[in-house]
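Chemist: okay, sequence plus prediction incoming.
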Amino acid sequence: MKLTLHHINLSTENVERMGRFYKDVLGLSDQVPGLPTLDKTKGYDGDVAFVSDGAIQHHLAQKDLGVGFKTGSVVNPLEKGHIAYRTDDLEAFKAHLDKQGVPYADWGNTAVAGWSQIFFYDPEGNVIEVHQVDDPD
């Protein structure tokens, strides 16, 4: 089970302003290959802008304090944002978390079509996502 940094999600009240900042001030590009397909019918329907430095995606997402309630999840990745890793074996990673005694919220493909996602907290309460791209078959 390999993990690689995939994206950083920052929550904001003003997606357009955040997008301009990251493009104009930091020089990030809004030409981002491999973007996820958001499913806005399952609990989160906020605006999202995508920028990248060419290696790591940045998801600038509209803050939603109620998304945990809407999705039935105990972890809200859109309150303050999160850091996301991609794995090649989500089931093995979940077994690893179980072994370590780390609880997680299994979002399945609630937010992103084609991705299975889990969210959990680090010891300081920062949200971490680990996801796997679903088998297209």
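Modeler: Yes, it's here.
Chemist: which secondary structure elements does the longest strand along the chain contact?
Modeler: Assignment by DSSP state E gives strand 3-12 as the longest strand of the chain. Contacts of strand 3-12 with other secondary structure elements, assessed using 3 or more Cβ pairs under 8 Å, 6 or more residues apart in numbering; DSSP states H and E, are made with strand 57-62, strand 82-87, strand 127-133. For the C-beta atoms, the positions are set from N, CA and C on the backbone; glycine is no exception.
Chemist: swap in 6 Å and give it another go.
Modeler: Strand 3-12 makes packing contacts with strand 57-62, strand 82-87 when contacts are defined by 3 or more Cβ pairs under 6 Å, 6 or more residues apart in numbering; DSSP states H and E.
Chemist: list the neighbouring strands of that strand plus their orientation.
Modeler: For strand 3-12, the pairing partners within the sheet under DSSP bridges are strand 57-62 (parallel), strand 82-87 (antiparallel).
Chemist: out of the helices and strands packed on strand 3-12, the one nearest Pro123 is which?
Modeler: Distances from Pro123 to each of the helices and strands packed on strand 3-12 were compared by Cβ to Cβ, and the smallest falls on strand 82-87, at 14.1 Å.
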